[in-house]
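[1] how would this look folded up:
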Amino acid sequence: MKSDFAFGSKRCGCSLPSHPLRRVVLTGGPGAGKTAVLEMARRSLCHHAAFLPESASLLFGGGFPRILSDAGLRAAQRAIFHVQSELERLAEEDGRSALALCDRGTIDGLAYWPDGPDSYFSELGTTLDEQLGRYSAVIHLRTPAPNQGYNHQNELRIESAREAHAIDERILDVWAAHPRRFVIDSSPEFLHKASHALALLRAELPECCRAIEG
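    The predicted structure is shown next:
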């Protein structure tokens, strides 16, 4: 079955044949609303925005073993890191996009790693600074508190509300050193949260791609 990246559904007035690619991470703990925000962005941004699928969903949805031992966690996060890196490389070499919207980034796995950060980066042959430098911006959607309506609809989501909140805190810490990290708190009105995220995503497009035709 042939597949491709998803792209923004709108047309813009830009006539440039290519753009330098900017990578933007949309992250946050389970149930934060990433999937909904990315779908809203796909419907409202232009065709120069590419939407990269979540590596963990590709792997676990395709049958990668989900073993919750330390060895299982390490194996899964190594695989996720390499799939994520290749998706981002493909988006860059493909050449069609000005913006690659990444459903999580290469260091999200550190929030699930059973050992410390030194072990994570040593295993993957990289550094924190090298990975932070891949991304123009990081947008973190906060997971709702356990008493604020955690969403269990995703069948690949195995965490309880309390576990999801704890993961969200660890992801917040993982990306803390990024110079352009934007944190969007959970809100009783999800559209307020989503609108804030969409405005940040739109601002990462080149100016020539922000004016939508029609």
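
[2] And for stretch 196-213, what's in contact with it?
    By C-beta atoms under 8 Å, 6 or more residues apart in numbering, the list of residues contacting stretch 196-213 from outside reads 10-14, 16, 19, 22, 24, 26, 37, 40-41, 44-46, 48-49, 98-99, 101, 136-137, 139, 141, 182, 184. C-beta coordinates here come from the backbone N, C-alpha and C atoms, glycine included.

[3] Do a quick rundown of the helices in the chain.
    Under the criterion DSSP state H, the chain contains helices at 34-44, 55-61, 70-94, 117-124, 128-132, 161-174, 190-203.

[4] got the CA positions of the shortest one in PDB?
    Taking Å, rounded to 0.1, in the frame of the first residue of the first chain, the C-alpha atoms of helix 128-132 are listed here in PDB:
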ATOM      1  CA  LEU A 128      21.300  16.700  24.200                       C
ATOM      2  CA  ASP A 129      22.600  19.800  22.400                       C
ATOM      3  CA  GLU A 130      22.700  18.100  19.100                       C
ATOM      4  CA  GLN A 131      19.100  16.900  19.300                       C
ATOM      5  CA  LEU A 132      17.800  20.200  20.700                       C
END
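
[5] I'd like the distance between residue 13 and residue 5.
    22 Å (C-beta to C-beta, to the nearest Å).

[6] If you count surrounding residues, which of the two has more?
    residue 5 (17 against 11; other C-beta atoms under 10 Å).
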